[in-house]
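> everything below, folded, please.
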Amino acid sequence: MSTRVRYAVDGPVARLTLDSPHNRNALSAELVEQLHQRLTDAVADPEVRAVVLDHTGGTFCAGADLGQAAGGDAEQALRANAVQMARLLRRILELRVPVIAAVDGHARAGGLGLIGACDIVVAGPASTFALTEVRIGVAPSIISLTLLPKITARAASRYFVTGERFGPAEAVQMGLVTVAADDVDAAVAALTDAIAKGSPQGLAAAKALTTASILRGFDEHADELARQTVELFSSAEAREGMRAFLEKRPPRWQHL
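The predicted structure is shown next:
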């Protein structure tokens, strides 16, 4: 299996780098599986106090791998993918150390779900964000579990339905991003230096206070949203939307 997530440790910081340029760091089954493993590696190291999730190339994460999603997967496979995505987001939330997303590129759809699950988000000047699911006939179902608790209701009402692109300043204003920085590396280094002064017990307990209510939302809604994801991706409308996207043409909704 090719490496989709690179892993390195520098003192108290474990760095997980999304490195799947052929599909713009899309959330393929392989990338999600490797993210799980790298998170396991990080928490197994007693010296690690923080995890940084960053990326190679101009895209942080393009969201779902539409090549896989449009490939005729059976309903059972679609459900497995939805459950796996929910499990990944929950894993980030439950991790005993803070997770910082270092973004200086494009984030789309499920990529925003990853960002929402992280404790702190630093966005550079090249960052752009968009929830584009509605444009292919689906919705930000699973990722709403991490986004709705973080962003303002007005922002959700707008960007969930328009698919518009927005930048770091807007992302900070709505609560998706913590810090907009010209120098992402310097901003992340300052944050990890501060975090490294905390004790393992203190960091774990303090983080848990901030994620408890979000995790309760997982317990209450994750199964229902996984079912919704399967229904939407299995629909004729979504199949047309994904084909249109992959073929770089406008979708023909009126023909369904």
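> would you state the strands of the stretch 151-256 of the chain in chain order?
165-166, 179-180 (DSSP state E, counting those that start in this stretch).
> which strands and helices sit next to the longest helix seen in the chain?
Ordering each helix of the chain by length in residues (DSSP state H) puts helix 200-234 first. With contacts taken as 3 or more Cβ pairs under 8 Å, 6 or more residues apart in numbering; DSSP states H and E, helix 200-234 sits against helix 75-94, helix 144-147. (Each C-beta comes from the backbone N, C-alpha and C, glycine too.)
> how close does the residue most central in space within the chain get to residue 106?
Centroid-nearest residue in the chain: residue 114, 1.7 Å away (criterion: Cα atoms, centre = their mean). Separation of residue 114 from residue 106 (Cβ to Cβ, to the nearest Å): 13 Å.
> and residue 118, its phi and psi?
Dihedral angles of residue 118 (phi, psi; degrees, to the nearest 10) stand at phi -70, psi 150.
> isn't it up against residue 100?
Yes: Residue 118 lies in contact with residue 100 (Cβ atoms under 8 Å); the separation is 6.4 Å.
> what touches both of those two?
By the contact definition Cβ atoms under 8 Å, 6 or more residues apart in numbering, residue 118 and residue 100 are jointly contacted by residue 53.
> and the closest residue to residue 245 other than its chain neighbours, how many neighbours?
Nearest non-adjacent residue to residue 245, counting by Cβ to Cβ, 6 or more residues apart in numbering: residue 136, 5.4 Å away. Per other Cβ atoms under 10 Å, the neighbour tally for residue 136 reads 26.
> my guess is residue 136 meets residue 64, correct?
No: using Cβ under 8 Å, residue 136 makes no contact with residue 64, being 9.2 Å away.
> so which bits of stretch 108-127 are buried?
Buried residues in stretch 108-127, counted by 16 or more other Cβ atoms under 10 Å: 108-124, 127.
> about what we covered before: may I see the strands of the stretch 151-256 of the chain arranged in a markdown table, with distance to residue 157 and mean pLDDT as well?
Output for these, formatted as a markdown table (distance: least, Cβ to Cβ, whole Å; pLDDT from 0 to 100):
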| stretch | distance to residue 157 | mean pLDDT |
| --- | --- | --- |
| strand 165-166 | 14 | 98 |
| strand 179-180 | 23 | 98 |
